[in-house]
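Peer 1: here is my input; please provide its structure:
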Amino acid sequence: MSLTDLLRTALRSVSANKLRAVLTMLGVVIGVASVIAMLALGNGARAAVDATFQDLGANQIQIGQRFEMQDREFVASGEKLTYQEGLEMLDTVPLVERVEMSVSKTLKARFGRATIEIGAIGTTPDALEGFVAGGDVQPVGWTGDAAFTADDLIGEGRFFSTDEVYAAAPVCVLGYQTALDLFSGDNPIGETIWIERTRCTVIGVAVELESTDVTQRYQSNPNEFLAMPISTMIQELYDEEPSVYMTAHVTDANRIEEAKEQITTYLREKHQIEQDAEGNYLDDFDLTTRNDILGQQQEAAQTFSILLAAMATVSLMVGGIGIMNVMLVSVTERTREIGVRLAIGAKQRDIVSQFLLESILISASGGLAGIVLGILAIPLAAALNQGVALLYPGSIPLAFVVALLIGVVFGLYPALRASRLDPIDALRYE
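Peer 2: Numbering: from 1, shown residues only. This next block holds a predicted model:
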């Protein structure tokens, strides 16, 4: 028989039992739709991870104190990370070009009769560059035609220098709104304000800033802050020196693993950490790069995707078993028809081709319906996953090919069984 004749016969046989065919393909429909929706969830999860950590540069190493679980609470282990260690790291670790550090605290600032409560930040001169790189704020009215620099963030005066950080100089820089609240529009440069019980000279005022995210502009005010050298803040405004969180910028992103080893060696010497009896180091600090974070998150997302894909595979297998069951019933119902075909000269391969083509038609139809259902289900999947679900382009051909394979694999046995019937016994079948 020609392929056209086989296709026409298969279509006629499937159409003869429309309801049974539709019910049979439901398993394939659900399985294919699940594959597309699940891959969309996995793709969306990976995209969300990338977006979350895109601000963490490829040449940055986050350095923080290690915490351990004790009595159901996270407790800091070992020695604290000090700002002196961050400053000395620049001269000791060859691959580190700069180190950003910061501590923050809510304090009272006073000038004359004006007193405000403000979020004070103790940081390093490189903080402005990190501020620009973060991309969360911009000068008010910035056109966006060109990228702004750290210098564009200072409206009056200047930011403090590295020498002032080393010297713990009593200087500070005010946010635009903070300057208005304390000085009512007067020039604050060179004036002395009180921060708690510490005198501080104002050396700069930031330009008026706004959030780059329009939805965040009414939730927080980036113009309300006070910045001073981290050394000054820790020495004058903390009763006990806190552990400092650091961001080390590496000269060459391709050598970031080597830089991690250098920083690890440096901090182990500072904290006097030696090998234990088994040759291991019990470090009291953690070093994290973007690759570390992305690797962990992507591994979790991959595990999640595999789990979802396994669930979809189970659905496809159930659909395949349904196809096999229906095709076996069809073989039994059409035993006399098969006997007649064999008796008048039909070959075994013709019988195999006919029943296998019927199975493929059912699975292919279910695959096409499943693709449509899967695409329509993506918005629902996104709603259940905090709006994160992206159609993976390769999922459509993949799902359709899997549907076809289900038809071939689960339709082959019934087709072979039909082709091996004895013509005489088949003709006698009632």
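
Peer 1: could you list the domains of the chain?
Peer 2: For the chain, automatic domain parsing gives the domain ranges 3-51+298-428, 79-283.

Peer 1: among the ones you listed, which is the most enclosed?
Peer 2: Of all the domains of the chain, domain 3-51+298-428 has the most neighbours on average by mean count of other C-beta atoms under 10 Å, namely a mean of 18. The C-beta positions use only the backbone N, C-alpha and C, and glycine is treated the same way.

Peer 1: average model confidence for that domain?
Peer 2: Per-residue pLDDT values over domain 3-51+298-428 give a mean of 76.

Peer 1: the stretch 301-430 of the chain: strands as residue ranges?
Peer 2: With DSSP state E, counting those that start in this stretch, there are no strands along the stretch 301-430 of the chain.

Peer 1: please enumerate the helices of it.
Peer 2: Applying DSSP state H, counting those that start in this stretch to the stretch 301-430 of the chain gives helices spanning 335-343, 348-384, 395-419, 423-428.

Peer 1: out of those helices, nearest to G27?
Peer 2: helix 348-384 (7.5 Å; C-beta to C-beta).

Peer 1: tell me how far the closest one lies from the chain's centre.
Peer 2: How far helix 348-384 lies from its chain's middle: 32 Å, per C-alpha atoms, centre = their mean, to the nearest Å.

Peer 1: tell me the angle it makes with helix 335-343.
Peer 2: Our comparison of helix 348-384 with helix 335-343, counting by axes from the mean of the first three to the mean of the last three C-alpha atoms, to 10 degrees, yields an angle of 130 degrees.

Peer 1: which elements pack onto helix 348-384?
Peer 2: helix 3-16, helix 18-52, helix 290-333, helix 335-343, helix 395-419 (3 or more C-beta pairs under 8 Å, 6 or more residues apart in numbering; DSSP states H and E).

Peer 1: let's go with 7 Å and repeat that
Peer 2: helix 3-16, helix 18-52, helix 290-333, helix 395-419 (3 or more C-beta pairs under 7 Å, 6 or more residues apart in numbering; DSSP states H and E).

Peer 1: dump the helices of the stretch 301-430 of the chain into JSON lines; add distance to A253 as well.
Peer 2: JSON lines is the format used below for the helices of the stretch 301-430 of the chain (distance: least, C-beta to C-beta, whole Å):
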{"stretch": "helix 335-343", "distance to A253": "68"}
{"stretch": "helix 348-384", "distance to A253": "33"}
{"stretch": "helix 395-419", "distance to A253": "33"}
{"stretch": "helix 423-428", "distance to A253": "73"}
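
Peer 1: L107 is nearest to which of these?
Peer 2: Using C-beta to C-beta, the helices of the stretch 301-430 of the chain put helix 348-384 closest to L107, at 43.2 Å.

Peer 1: could you check the angle helix 395-419 makes with that closest one?
Peer 2: 150 degrees.

Peer 1: so what strands line up beside the strand ranked longest in the chain?
Peer 2: Ranked by residue count and defined by DSSP state E, the top strand of the chain is strand 96-111. Strand 96-111 has its sheet partners listed here by DSSP bridges as strand 114-123 (antiparallel), strand 192-195 (antiparallel), strand 245-250 (antiparallel).

Peer 1: let me know the next secondary structure element after the last one.
Peer 2: It refers to strand 245-250. helix 256-270 (DSSP states H and E).

Peer 1: swap in the first one?
Peer 2: For strand 114-123, the succeeding helix or strand toward the C-terminus, using DSSP H and E, is helix 127-134.

Peer 1: by contact count, what packs against the helix or strand following that next one?
Peer 2: Downstream of helix 127-134, the first helix or strand assigned by DSSP H and E is strand 137-139. Under the contact criterion of 3+ C-beta pairs under 7 Å, 6+ apart, strand 137-139 touches strand 209-211.

Peer 1: re the thing from before, nearest to V28 among the helices of the stretch 301-430 of the chain would be which one?
Peer 2: Closest among the helices of the stretch 301-430 of the chain, once you apply C-beta to C-beta, is helix 348-384, at 3.1 Å.

Peer 1: now the angle from that closest one to helix 18-52?
Peer 2: Using the same axes, to 10 degrees, helix 348-384 lies at 50 degrees relative to helix 18-52.

Peer 1: now V326: how far from E358?
Peer 2: Computed as C-beta to C-beta, to the nearest Å, the V326 to E358 distance reads 9 Å.

Peer 1: oh, I was asking about L390
Peer 2: 36 Å.

Peer 1: picking that back up, chain center to the longest strand of the chain, what's the gap?
Peer 2: 29 Å.

Peer 1: just want the angle from that strand to helix 127-134.
Peer 2: 110 degrees.

Peer 1: for T251, which non-adjacent residue is spatially closest?
Peer 2: E97 (4.8 Å; C-beta to C-beta, 6 or more residues apart in numbering).

Peer 1: on that earlier part again, could the domains of the chain be laid out in a markdown table, adding distance to Q60?
Peer 2: Formatted as a markdown table, the domains of the chain follow (distance: least, C-beta to C-beta, whole Å):
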| stretch | distance to Q60 |
| --- | --- |
| domain 3-51+298-428 | 16 |
| domain 79-283 | 6 |
